[in-house]
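> Sequence and predicted structure, then a few things I'm wondering about:
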Amino acid sequence: EVDVLPPHAVVQARPPPALLLERGSNPLAGGGCDGASARAVNDRIHRHVTNVHLRAIRSALTSEEVQYLIAAGLIFSGIGSAIQVARIQLPGGFRLGTGLICVVGSSFTFVPICVSAIRMMMREDSANPCEGDADCTDAWAGQAPPYLGVSAPGVTNLGQCNKSSGRCLRSGREAYGAFLGTCMLGSFLEMALSLTPKRTLHRILPRTVTG
């Protein structure tokens, strides 16, 4: 026989097995979260290094520039992760960060967009005049040995001087910087959306996105 509950019966739902935001937890659960966080950090580091190398190859960057980008990305990943975990109190009842254990890092979602944008900008003229590839001092870096990751004007940047316009094509560093600047400007839109009331966001975006 199957017991059927009356329509007016109230079923007590068990709380989900999750850690609440502002409440302590037992050491066993905390240790499990620490292990998961360590694996996430390790995965993020591998993803970040691979991500930078993929974009650097398409951008004709030098070895020094690649090392700089990797170091800068890891530093800002650490700062961003600390801010997310700290959940800093702001005026007006707002908070900066989620207060959850998370790792902030670079995303592979940007790789195809970044590569397409950089390739497009590297086909555009810069403000530097030239008569030959050797005049483009901010030269493309080599992508094959023995000049892999080395910038040598007139050797590794064949075709960078646009003789029809007398201007150098944009270097990988200029194109990459323009892409990062565009992303920085676009981030202000996300900041504005984060300060938008929930009711307004629910009218614009579905609850699957806004929560």
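Nice, I can see it.
> alpha carbons only for contacts and neighbour counts from here, please
Noted.
> Mind checking the pLDDT average for stretch 108-118?
What stretch 108-118 shows for mean pLDDT is 83.
> Next: stretch 197-211.
For stretch 197-211, mean pLDDT rounds to 75.
> if I look at residue 202, how far off is residue 208?
For residue 202, the distance to residue 208 equals 10 Å [C-alpha to C-alpha, to the nearest Å].
> counting contacts, what elements does the strand ranked longest in the chain pack onto?
Secondary structure of the chain per DSSP state E: the longest strand is strand 125-129. Under the contact criterion of 3 or more C-alpha pairs under 8 Å, 6 or more residues apart in numbering; DSSP states H and E, strand 125-129 touches strand 167-169.
> gap between the strand it packs on and the chain center?
Remark: strand 167-169 is offset 29 Å from the chain centroid, using C-alpha atoms, centre = their mean, to the nearest Å.
> Name every strand pairing with it and say which way it goes.
strand 125-129 (antiparallel), strand 161-162 (antiparallel) (DSSP bridges).
> before we move on, back to that, residues touching the longest strand of the chain, excluding its own?
Here strand 125-129 makes contact (C-alpha atoms under 8 Å, 6 or more residues apart in numbering) with 135, 136, 162, 166, 167, 168, 169, 170.
> which non-adjacent residue is nearest residue 84?
Distances taken as C-alpha to C-alpha, 6 or more residues apart in numbering place residue 97 nearest to residue 84, at 3.8 Å, with adjacent residues excluded.
> quick one, what contacts the one you found?
Per C-alpha under 8 Å, 6+ apart, neighbours of residue 97: 83, 84, 85, 86, 87, 88.
> Would you check how far apart it and residue 201 are?
19 Å.
> Also residue 99?
For residue 99, the distance to residue 201 - C-alpha to C-alpha - is 21 Å.
> which one of residue 202 and residue 208 has more residues nearby?
More neighbours surround residue 202 than the other of residue 202 and residue 208, with 14 against 7 (other C-alpha atoms under 10 Å).
> Can you classify the residue most central in space within the chain as helix, strand or coil?
Nearest to the geometric centre of the chain sits residue 106, at 3.4 Å (C-alpha atoms, centre = their mean). Under DSSP: H, G, I helix; E, B strand; the rest coil, residue 106 falls in the coil class.
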